[in-house]
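**Student:** Here's my sequence, what's the structure:
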Amino acid sequence: MFLNKLKINLKQGQYDALIDFMFNLGISKFTNSTLYKLIKAGSSDEEICNEFMKWVHVGKKVLPGLVKRRKWECEQWNK
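**Tutor:** Down below sits the predicted model:
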């Protein structure tokens with residue numbers, strides 16, 4: 001699995017959050033994202049969750065389902 005190749009020590013909740021994120025958006029978008037760069041750089045949990053929450057748009061429209069999904073991912077990340 002791609003996440004195992006990151007060489008980053010992830011807690012189970014963080015792993016789950018990223019699996020969900022990649023399932024929703026794809027590995028390519030994840031690996032080219034600022035979210036991925038922040039995780040690799042060891043950024044704070046707050047910075048990472050703020051970045052998760054930027055991924056709630058389709059075009060210029062905020063989708064409530066994506067807001068709910070990103071909040072869940074942040075909760076998992078912070079477990």
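**Student:** Lowest mean pLDDT among the helices and strands, pick that one out for this protein.
**Tutor:** Here the helix or strand of the chain ranked lowest by mean pLDDT, DSSP states H and E is helix 27-31, holding a mean of 90.
**Student:** Output the contacting helices and strands for it.
**Tutor:** Applying 3 or more CB pairs under 8 Å, 6 or more residues apart in numbering; DSSP states H and E, one finds that helix 27-31 contacts helix 12-25. For glycine as for every other residue, the C-beta is placed from the backbone atoms N, C-alpha and C.
**Student:** Is it correct that I19 is in contact with L10?
**Tutor:** No - counting by CB atoms under 8 Å, I19 stays clear of L10, with 10.1 Å between them.
**Student:** tell me, what's touching the two both at once?
**Tutor:** L3 (CB atoms under 8 Å, 6 or more residues apart in numbering).
**Student:** and the least confident helix or strand of the chain, how far from the chain's centre?
**Tutor:** Mean-position distance between helix 27-31 and its chain equals 10 Å (CA atoms, centre = their mean, to the nearest Å).
**Student:** Alpha carbons of it, in CSV - could you do that?
**Tutor:** This file holds the C-alpha atoms of helix 27-31, laid out as CSV (Å, rounded to 0.1, in the frame of the first residue of the first chain):
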residue,chain,number,x,y,z
ILE,A,27,-3.4,8.8,-4.8
SER,A,28,-2.3,11.2,-7.5
LYS,A,29,-4.1,14.2,-6.1
PHE,A,30,-2.9,13.3,-2.6
THR,A,31,0.8,13.0,-3.6
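**Student:** So for that helix, what gets flagged as buried?
**Tutor:** F30 (16 or more other CB atoms under 10 Å).
**Student:** Measure how far the helix or strand harbouring W72 is from the centre of its chain, please.
**Tutor:** In this structure, W72 sits in helix 64-77 according to DSSP states H and E. With CA atoms, centre = their mean as the basis, helix 64-77 stands 9 Å off its chain's centre.
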